[in-house]
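>>> sequence below, structure please.
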Amino acid sequence: MEDKIYFGCFVRQRIDKNTTPFFVFYARVKDIKQWARVRRVEDSTDGTQRLLRETRSKAITRFVKSGFNNTIPNNILLAFEPDKAKFSSLEEKLSGCLSEANFHNGCEQQMEWGTLEFSFNTSGNDYCAYVVDGQHRLYGLSEFDSEDLPILVVSLVNASIEEQAFQFIVINNKAVRVPTNNVKAIIANLNEEELQNRLLKAGVKYGNTSPTLRDVNDLDISPFQNLLKWPYNKEGNQLVEIAAIEQSIKYLRAMFTFLDEDEDSLVEIFCAIWRVIKDNYTELWGKENTFMKKVNINALNEFITDRLKFAWELSLVDIFNSEQLETQVLHIVKLLPQEFWKAEWTIKLQDSANVRKQIKEDLSTLADNCRLRRPWNEDLNLPITEG
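Residues are numbered from 1 along each chain as shown. All right, here's what the predicted structure looks like:
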(Lines give C-alpha, C1' and ligand atoms only; values in the text may rest on other atoms or scores of the structure.)
Protein backbone atom coordinates (compact mmCIF):
# COMPACT_ATOMS: atom_id res chain seq x y z
CA MET A 1 0.00 0.00 0.00
CA GLU A 2 1.08 3.57 -0.63
CA ASP A 3 -0.05 6.62 1.33
CA LYS A 4 -0.81 10.07 0.01
CA ILE A 5 -1.40 13.34 1.83
CA TYR A 6 -2.52 16.54 0.08
CA PHE A 7 -2.89 20.01 1.54
CA GLY A 8 -5.96 22.01 0.58
CA CYS A 9 -9.28 23.34 1.79
CA PHE A 10 -12.33 21.43 2.95
CA VAL A 11 -15.57 23.12 1.88
CA ARG A 12 -19.25 22.60 2.62
CA GLN A 13 -20.99 24.68 0.01
CA ARG A 14 -24.38 24.28 1.75
CA ILE A 15 -25.06 24.69 5.46
CA ASP A 16 -26.87 21.35 5.59
CA LYS A 17 -24.44 18.84 7.14
CA ASN A 18 -25.76 16.07 4.87
CA THR A 19 -24.39 17.87 1.81
CA THR A 20 -21.41 16.11 0.22
CA PRO A 21 -18.34 18.24 1.05
CA PHE A 22 -15.50 19.21 -1.29
CA PHE A 23 -11.75 19.06 -0.85
CA VAL A 24 -9.91 21.41 -3.20
CA PHE A 25 -6.20 21.05 -3.98
CA TYR A 26 -3.53 21.04 -6.67
CA ALA A 27 -1.72 17.86 -7.77
CA ARG A 28 0.34 16.70 -10.73
CA VAL A 29 -1.57 14.83 -13.41
CA LYS A 30 0.82 11.88 -13.56
CA ASP A 31 0.52 11.54 -9.80
CA ILE A 32 -3.29 11.58 -9.94
CA LYS A 33 -3.32 8.82 -12.55
CA GLN A 34 -1.67 6.48 -10.04
CA TRP A 35 -4.61 6.50 -7.63
CA ALA A 36 -7.64 7.79 -9.55
CA ARG A 37 -9.62 5.71 -12.00
CA VAL A 38 -12.33 6.38 -14.55
CA ARG A 39 -15.42 4.26 -13.95
CA ARG A 40 -17.02 4.10 -17.40
CA VAL A 41 -20.53 3.03 -18.28
CA GLU A 42 -19.33 0.29 -20.61
CA ASP A 43 -17.17 -1.24 -17.89
CA SER A 44 -19.54 -1.13 -14.94
CA THR A 45 -23.23 -0.87 -14.17
CA ASP A 46 -22.20 1.85 -11.68
CA GLY A 47 -20.25 3.78 -14.33
CA THR A 48 -20.83 7.49 -14.83
CA GLN A 49 -18.17 8.43 -17.38
CA ARG A 50 -18.56 8.09 -21.12
CA LEU A 51 -16.09 6.28 -23.35
CA LEU A 52 -12.67 7.91 -23.33
CA ARG A 53 -12.12 9.41 -26.75
CA GLU A 54 -8.44 9.03 -27.48
CA THR A 55 -8.88 11.65 -30.19
CA ARG A 56 -9.98 14.25 -27.62
CA SER A 57 -7.23 13.48 -25.13
CA LYS A 58 -4.68 13.80 -27.96
CA ALA A 59 -6.16 17.19 -28.80
CA ILE A 60 -5.51 18.30 -25.21
CA THR A 61 -1.89 17.15 -25.50
CA ARG A 62 -1.56 18.98 -28.80
CA PHE A 63 -3.05 22.11 -27.22
CA VAL A 64 -0.35 22.40 -24.54
CA LYS A 65 2.36 21.45 -27.02
CA SER A 66 1.30 24.15 -29.48
CA GLY A 67 2.35 27.08 -27.25
CA PHE A 68 4.54 27.42 -24.16
CA ASN A 69 1.94 29.75 -22.59
CA ASN A 70 -1.12 27.54 -23.23
CA THR A 71 -2.65 26.46 -19.92
CA ILE A 72 -5.84 24.84 -18.66
CA PRO A 73 -6.92 26.69 -15.50
CA ASN A 74 -10.23 24.89 -14.98
CA ASN A 75 -10.38 21.89 -12.68
CA ILE A 76 -11.09 18.22 -12.91
CA LEU A 77 -13.74 16.74 -10.60
CA LEU A 78 -12.89 13.61 -8.61
CA ALA A 79 -14.88 11.65 -6.06
CA PHE A 80 -13.55 9.84 -3.00
CA GLU A 81 -16.00 7.13 -2.03
CA PRO A 82 -17.20 6.67 1.58
CA ASP A 83 -14.43 5.87 4.09
CA LYS A 84 -11.69 6.07 1.45
CA ALA A 85 -10.13 9.37 2.54
CA LYS A 86 -9.69 11.17 5.86
CA PHE A 87 -9.62 14.94 6.35
CA SER A 88 -7.51 16.42 9.16
CA SER A 89 -7.91 20.08 10.10
CA LEU A 90 -4.88 22.39 10.43
CA GLU A 91 -6.93 25.39 11.50
CA GLU A 92 -5.26 25.84 14.90
CA LYS A 93 -1.73 25.68 13.51
CA LEU A 94 -2.54 28.04 10.64
CA SER A 95 -4.38 30.55 12.80
CA GLY A 96 -1.30 30.81 15.00
CA CYS A 97 0.88 31.54 11.99
CA LEU A 98 -1.57 33.77 10.11
CA SER A 99 -3.36 35.59 12.90
CA GLU A 100 -3.68 38.80 10.94
CA ALA A 101 -4.81 37.19 7.69
CA ASN A 102 -8.34 36.33 6.71
CA PHE A 103 -7.51 32.96 5.19
CA HIS A 104 -11.16 31.90 5.01
CA ASN A 105 -12.25 34.71 2.68
CA GLY A 106 -15.37 35.21 4.77
CA CYS A 107 -16.34 31.52 4.67
CA GLU A 108 -15.33 30.57 8.22
CA GLN A 109 -18.47 28.51 8.90
CA GLN A 110 -18.14 26.38 5.77
CA MET A 111 -14.42 26.10 5.08
CA GLU A 112 -11.38 24.56 6.81
CA TRP A 113 -7.76 24.29 5.74
CA GLY A 114 -6.09 20.95 6.29
CA THR A 115 -4.96 17.71 4.69
CA LEU A 116 -6.65 14.78 2.97
CA GLU A 117 -5.02 11.41 3.54
CA PHE A 118 -5.68 8.10 1.80
CA SER A 119 -4.01 4.84 0.84
CA PHE A 120 -3.99 2.89 -2.41
CA ASN A 121 -2.50 -0.27 -3.87
CA THR A 122 -0.21 0.42 -6.84
CA SER A 123 -0.16 -3.24 -7.90
CA GLY A 124 -3.89 -3.87 -8.02
CA ASN A 125 -7.20 -2.22 -8.72
CA ASP A 126 -7.63 -0.72 -5.27
CA TYR A 127 -8.59 2.78 -6.38
CA CYS A 128 -9.99 5.19 -3.83
CA ALA A 129 -11.02 7.99 -6.16
CA TYR A 130 -12.87 8.20 -9.46
CA VAL A 131 -12.99 10.85 -12.18
CA VAL A 132 -16.43 12.43 -12.40
CA ASP A 133 -15.57 15.09 -14.97
CA GLY A 134 -12.40 15.95 -16.87
CA GLN A 135 -11.03 12.57 -17.95
CA HIS A 136 -9.79 13.96 -21.29
CA ARG A 137 -7.98 16.82 -19.53
CA LEU A 138 -6.37 14.38 -17.10
CA TYR A 139 -5.20 11.90 -19.73
CA GLY A 140 -4.30 14.53 -22.33
CA LEU A 141 -2.15 16.55 -19.93
CA SER A 142 -0.46 13.43 -18.58
CA GLU A 143 0.70 12.51 -22.10
CA PHE A 144 2.61 15.80 -22.37
CA ASP A 145 6.13 14.45 -21.88
CA SER A 146 7.98 17.76 -21.54
CA GLU A 147 6.44 18.61 -18.16
CA ASP A 148 4.57 16.90 -15.33
CA LEU A 149 1.79 19.46 -15.15
CA PRO A 150 -0.18 20.35 -12.01
CA ILE A 151 -3.94 20.69 -12.24
CA LEU A 152 -6.63 22.01 -9.92
CA VAL A 153 -8.70 19.24 -8.36
CA VAL A 154 -12.12 19.64 -6.81
CA SER A 155 -12.94 16.38 -5.07
CA LEU A 156 -16.17 15.12 -3.57
CA VAL A 157 -15.47 13.53 -0.18
CA ASN A 158 -17.46 10.49 0.98
CA ALA A 159 -19.44 10.63 -2.25
CA SER A 160 -21.86 7.85 -3.06
CA ILE A 161 -22.14 6.49 -6.60
CA GLU A 162 -25.53 8.21 -6.85
CA GLU A 163 -23.94 11.56 -5.98
CA GLN A 164 -21.22 11.00 -8.60
CA ALA A 165 -23.82 10.23 -11.26
CA PHE A 166 -25.87 13.29 -10.26
CA GLN A 167 -22.89 15.64 -10.54
CA PHE A 168 -21.83 14.17 -13.90
CA ILE A 169 -25.30 14.65 -15.38
CA VAL A 170 -25.64 18.21 -14.04
CA ILE A 171 -22.22 19.27 -15.36
CA ASN A 172 -22.79 17.83 -18.82
CA ASN A 173 -26.28 19.23 -19.16
CA LYS A 174 -25.40 22.75 -18.02
CA ALA A 175 -22.51 23.40 -20.40
CA VAL A 176 -23.29 26.18 -22.89
CA ARG A 177 -21.19 27.18 -25.87
CA VAL A 178 -20.23 30.86 -25.83
CA PRO A 179 -21.93 32.71 -28.73
CA THR A 180 -19.64 34.38 -31.27
CA ASN A 181 -21.00 37.84 -30.44
CA ASN A 182 -20.08 37.34 -26.79
CA VAL A 183 -16.55 36.37 -27.79
CA LYS A 184 -16.29 39.49 -29.94
CA ALA A 185 -17.35 41.66 -27.00
CA ILE A 186 -14.83 40.01 -24.69
CA ILE A 187 -11.87 40.72 -26.98
CA ALA A 188 -13.03 44.13 -28.25
CA ASN A 189 -10.03 45.97 -26.78
CA LEU A 190 -7.45 43.29 -27.49
CA ASN A 191 -5.21 42.54 -30.46
CA GLU A 192 -7.73 40.37 -32.30
CA GLU A 193 -5.34 39.15 -35.00
CA GLU A 194 -2.75 38.05 -32.45
CA LEU A 195 -5.39 36.30 -30.35
CA GLN A 196 -6.90 34.61 -33.41
CA ASN A 197 -3.51 33.27 -34.49
CA ARG A 198 -2.86 31.88 -31.01
CA LEU A 199 -6.30 30.23 -30.88
CA LEU A 200 -5.92 28.67 -34.31
CA LYS A 201 -2.45 27.40 -33.48
CA ALA A 202 -3.89 25.82 -30.34
CA GLY A 203 -6.65 24.16 -32.39
CA VAL A 204 -9.46 26.34 -31.04
CA LYS A 205 -12.22 27.65 -33.29
CA TYR A 206 -12.65 31.41 -33.30
CA GLY A 207 -15.79 32.98 -34.79
CA ASN A 208 -16.31 31.61 -38.28
CA THR A 209 -12.65 30.72 -38.65
CA SER A 210 -11.98 27.04 -38.10
CA PRO A 211 -8.52 25.69 -37.27
CA THR A 212 -9.26 22.48 -39.17
CA LEU A 213 -7.60 23.40 -42.48
CA ARG A 214 -4.66 24.91 -40.68
CA ASP A 215 -4.29 21.73 -38.64
CA VAL A 216 -4.41 19.56 -41.77
CA ASN A 217 -1.72 21.71 -43.36
CA ASP A 218 0.49 22.16 -40.28
CA LEU A 219 0.29 19.17 -37.94
CA ASP A 220 3.01 16.55 -38.09
CA ILE A 221 0.30 13.90 -37.70
CA SER A 222 -1.29 15.08 -40.96
CA PRO A 223 -0.34 13.31 -44.20
CA PHE A 224 -1.27 16.53 -46.01
CA GLN A 225 1.29 18.57 -44.09
CA ASN A 226 2.46 21.46 -46.29
CA LEU A 227 0.57 20.08 -49.31
CA LEU A 228 -2.52 22.32 -49.41
CA LYS A 229 -2.98 24.72 -52.28
CA TRP A 230 -3.68 28.06 -50.53
CA PRO A 231 -1.84 31.30 -49.75
CA TYR A 232 -1.20 30.24 -46.14
CA ASN A 233 1.10 27.44 -47.34
CA LYS A 234 4.00 29.67 -48.35
CA GLU A 235 6.87 27.18 -48.13
CA GLY A 236 5.26 23.81 -48.89
CA ASN A 237 4.25 22.03 -52.08
CA GLN A 238 0.88 23.49 -53.08
CA LEU A 239 -0.59 20.34 -54.56
CA VAL A 240 -3.96 19.46 -53.02
CA GLU A 241 -7.03 21.59 -53.55
CA ILE A 242 -8.46 23.10 -50.38
CA ALA A 243 -11.93 22.06 -51.55
CA ALA A 244 -10.82 18.41 -51.62
CA ILE A 245 -10.06 18.53 -47.89
CA GLU A 246 -13.15 20.57 -47.03
CA GLN A 247 -15.42 18.20 -48.94
CA SER A 248 -13.79 15.10 -47.46
CA ILE A 249 -14.15 16.39 -43.90
CA LYS A 250 -17.74 17.46 -44.60
CA TYR A 251 -18.57 13.91 -45.76
CA LEU A 252 -16.91 12.38 -42.70
CA ARG A 253 -18.90 14.73 -40.46
CA ALA A 254 -22.16 13.86 -42.27
CA MET A 255 -21.62 10.12 -41.84
CA PHE A 256 -20.65 10.44 -38.17
CA THR A 257 -22.98 13.22 -37.05
CA PHE A 258 -21.76 13.06 -33.43
CA LEU A 259 -18.50 14.64 -34.65
CA ASP A 260 -20.36 17.83 -35.48
CA GLU A 261 -19.48 19.33 -32.09
CA ASP A 262 -16.14 17.52 -31.71
CA GLU A 263 -13.73 19.23 -34.09
CA ASP A 264 -10.71 17.76 -32.30
CA SER A 265 -11.80 14.17 -32.90
CA LEU A 266 -12.79 15.01 -36.46
CA VAL A 267 -9.27 16.19 -37.31
CA GLU A 268 -7.62 13.23 -35.56
CA ILE A 269 -9.87 10.71 -37.35
CA PHE A 270 -9.42 12.34 -40.76
CA CYS A 271 -5.64 12.40 -40.38
CA ALA A 272 -5.55 8.79 -39.14
CA ILE A 273 -7.50 7.62 -42.20
CA TRP A 274 -5.25 9.41 -44.64
CA ARG A 275 -2.02 8.44 -42.90
CA VAL A 276 -2.82 4.83 -43.77
CA ILE A 277 -3.65 5.81 -47.35
CA LYS A 278 -0.38 7.72 -47.65
CA ASP A 279 1.64 4.76 -46.31
CA ASN A 280 -0.15 2.39 -48.69
CA TYR A 281 0.48 4.55 -51.76
CA THR A 282 3.95 5.94 -51.02
CA GLU A 283 4.88 5.82 -54.71
CA LEU A 284 1.97 8.10 -55.59
CA TRP A 285 1.75 10.34 -52.55
CA GLY A 286 2.60 14.02 -52.73
CA LYS A 287 3.30 14.05 -56.46
CA GLU A 288 1.56 15.60 -59.42
CA ASN A 289 -0.52 12.66 -60.66
CA THR A 290 -4.04 11.36 -61.13
CA PHE A 291 -4.28 9.93 -57.64
CA MET A 292 -3.83 13.31 -55.93
CA LYS A 293 -6.64 15.00 -57.89
CA LYS A 294 -9.63 16.36 -55.98
CA VAL A 295 -12.23 13.98 -57.43
CA ASN A 296 -10.12 10.92 -56.54
CA ILE A 297 -9.41 12.14 -53.01
CA ASN A 298 -13.11 12.72 -52.44
CA ALA A 299 -14.18 9.42 -54.01
CA LEU A 300 -11.66 7.39 -52.01
CA ASN A 301 -12.56 9.28 -48.83
CA GLU A 302 -16.26 8.50 -49.32
CA PHE A 303 -15.57 4.87 -50.16
CA ILE A 304 -13.52 4.32 -46.99
CA THR A 305 -15.85 6.39 -44.78
CA ASP A 306 -18.86 4.36 -45.93
CA ARG A 307 -17.15 1.16 -44.88
CA LEU A 308 -15.98 2.64 -41.59
CA LYS A 309 -19.55 3.65 -40.85
CA PHE A 310 -20.68 0.07 -41.44
CA ALA A 311 -17.87 -1.32 -39.25
CA TRP A 312 -18.71 1.21 -36.50
CA GLU A 313 -22.37 0.22 -36.51
CA LEU A 314 -21.39 -3.44 -36.13
CA SER A 315 -18.99 -2.58 -33.27
CA LEU A 316 -16.04 -3.79 -35.34
CA VAL A 317 -14.04 -0.61 -34.82
CA ASP A 318 -13.83 2.22 -32.33
CA ILE A 319 -13.11 5.23 -34.54
CA PHE A 320 -11.92 7.21 -31.52
CA ASN A 321 -9.08 4.71 -31.06
CA SER A 322 -6.36 5.57 -33.59
CA GLU A 323 -4.82 2.08 -33.58
CA GLN A 324 -8.13 0.34 -34.23
CA LEU A 325 -9.10 2.91 -36.83
CA GLU A 326 -5.84 2.63 -38.76
CA THR A 327 -6.02 -1.17 -38.72
CA GLN A 328 -9.55 -1.06 -40.14
CA VAL A 329 -8.57 1.43 -42.87
CA LEU A 330 -5.56 -0.73 -43.77
CA HIS A 331 -7.86 -3.72 -44.29
CA ILE A 332 -9.78 -1.61 -46.81
CA VAL A 333 -6.98 0.05 -48.79
CA LYS A 334 -4.96 -3.17 -49.06
CA LEU A 335 -7.75 -4.38 -51.36
CA LEU A 336 -7.14 -1.44 -53.73
CA PRO A 337 -3.93 -1.98 -55.77
CA GLN A 338 -2.19 1.21 -56.87
CA GLU A 339 -2.26 -0.03 -60.47
CA PHE A 340 -5.83 1.24 -60.57
CA TRP A 341 -4.67 4.81 -59.96
CA LYS A 342 -1.73 4.55 -62.36
CA ALA A 343 -3.76 3.20 -65.30
CA GLU A 344 -5.12 5.39 -68.10
CA TRP A 345 -8.87 5.80 -67.77
CA THR A 346 -11.70 5.70 -70.29
CA ILE A 347 -13.13 9.04 -69.13
CA LYS A 348 -11.82 12.55 -68.79
CA LEU A 349 -11.03 13.17 -65.15
CA GLN A 350 -13.22 15.97 -63.85
CA ASP A 351 -14.66 16.90 -60.50
CA SER A 352 -18.30 15.88 -60.73
CA ALA A 353 -20.73 13.73 -58.78
CA ASN A 354 -21.04 11.36 -61.75
CA VAL A 355 -17.29 10.75 -62.04
CA ARG A 356 -17.02 10.34 -58.27
CA LYS A 357 -19.80 7.74 -58.42
CA GLN A 358 -18.03 5.81 -61.20
CA ILE A 359 -14.78 5.76 -59.23
CA LYS A 360 -16.53 4.45 -56.11
CA GLU A 361 -18.27 1.72 -58.12
CA ASP A 362 -14.93 0.61 -59.57
CA LEU A 363 -13.33 0.67 -56.12
CA SER A 364 -16.03 -1.69 -54.87
CA THR A 365 -15.39 -4.06 -57.78
CA LEU A 366 -11.65 -3.73 -57.30
CA ALA A 367 -11.97 -4.79 -53.66
CA ASP A 368 -14.11 -7.79 -54.67
CA ASN A 369 -11.51 -8.81 -57.27
CA CYS A 370 -8.80 -8.74 -54.63
CA ARG A 371 -10.84 -10.78 -52.16
CA LEU A 372 -11.74 -13.37 -54.82
CA ARG A 373 -8.16 -13.45 -56.16
CA ARG A 374 -9.24 -12.38 -59.61
CA PRO A 375 -7.21 -10.08 -61.89
CA TRP A 376 -7.39 -6.62 -60.36
CA ASN A 377 -8.88 -5.03 -63.49
CA GLU A 378 -11.63 -7.61 -64.12
CA ASP A 379 -15.03 -5.99 -64.80
CA LEU A 380 -13.74 -2.48 -64.09
CA ASN A 381 -15.17 0.33 -66.22
CA LEU A 382 -12.57 3.06 -65.83
CA PRO A 383 -9.07 1.67 -66.55
CA ILE A 384 -8.05 1.12 -70.18
CA THR A 385 -6.44 -2.29 -70.31
CA GLU A 386 -5.00 -4.34 -73.16
CA GLY A 387 -7.17 -7.02 -74.61
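
>>> can you give the contact residues for the helix or strand hosting S57?
According to DSSP states H and E, S57 maps onto helix 54-65. The contact list for helix 54-65, computed with C-beta atoms under 8 Å, 6 or more residues apart in numbering, reads 70-72, 135-137, 139-141, 143-144, 146, 149, 202-204, 219, 262, 264-265, 267-269, 320-322. Just so you know, the C-beta spots here come from the backbone N, C-alpha and C atoms, and that holds for glycine as well.

>>> now with 7 Å, please.
For helix 54-65, the external contacting residues (C-beta atoms under 7 Å, 6 or more residues apart in numbering) are 70, 136-137, 139-141, 143-144, 202-203, 262, 264-265, 268-269, 320-322.

>>> list buried members of the residues you listed by neighbour count.
136-137, 139-141, 143-144, 202-203, 262, 264-265, 268-269, 320-322 (16 or more other C-beta atoms under 10 Å).

>>> checking the nearest residue to I319 once chain neighbours are set aside next. Helix, strand or coil?
Among residues not flanking I319 along the chain, L325 sits closest, at 5.2 Å (C-beta to C-beta, 6 or more residues apart in numbering). Three-state assignment for L325 (DSSP: H, G, I helix; E, B strand; the rest coil): helix.

>>> and what of E117?
Of the three states, E117 takes strand under three-state DSSP.

>>> quick one: it and I5 touch, right?
Yes. The pair E117 and I5 qualifies as a contact (C-beta atoms under 7 Å) at a distance of 4.8 Å.

>>> which of the two has more neighbours?
Using other C-beta atoms under 10 Å as the criterion, E117 and I5 rank with E117 on top: 13 against 10.

>>> report the separation between the more buried one and F23.
11 Å (C-beta to C-beta, to the nearest Å).

>>> for E2, same thing?
Distance from E2 to F23, by C-beta to C-beta: 19 Å.

>>> could you do L308 as well?
44 Å.

>>> how about R214?
The value you get for R214 to F23, if C-beta to C-beta is used, is 41 Å.

>>> ranking helices and strands of the chain by mean pLDDT, which lands last?
helix 180-186 (a mean of 52; mean pLDDT, DSSP states H and E).

>>> excluding chain neighbours, what is closest to E235?
N226 (6.9 Å).

>>> just the strands in this protein please.
2-11, 22-28, 36-37, 76-80, 86-89, 111-120, 129-133, 150-157, 228-229, 240-241 (DSSP state E).

>>> so which of those strands gets nearest N296?
Closest approach to N296 among those is made by strand 240-241 (10.8 Å; C-beta to C-beta).

>>> partners of the closest one, with directions?
strand 228-229 (parallel) (DSSP bridges).

>>> just the mean pLDDT for the partner strand, thanks.
Averaged across strand 228-229, the pLDDT comes to 90.

>>> before we move on, what about stretch 15-35?
Mean predicted confidence for stretch 15-35 is 91.

>>> and the end-to-end length of it?
30 Å (C-alpha to C-alpha, to the nearest Å).

>>> renumber starting at 278 from here on
Okay, using 278 as the starting number, the last item reads as stretch 292-312.
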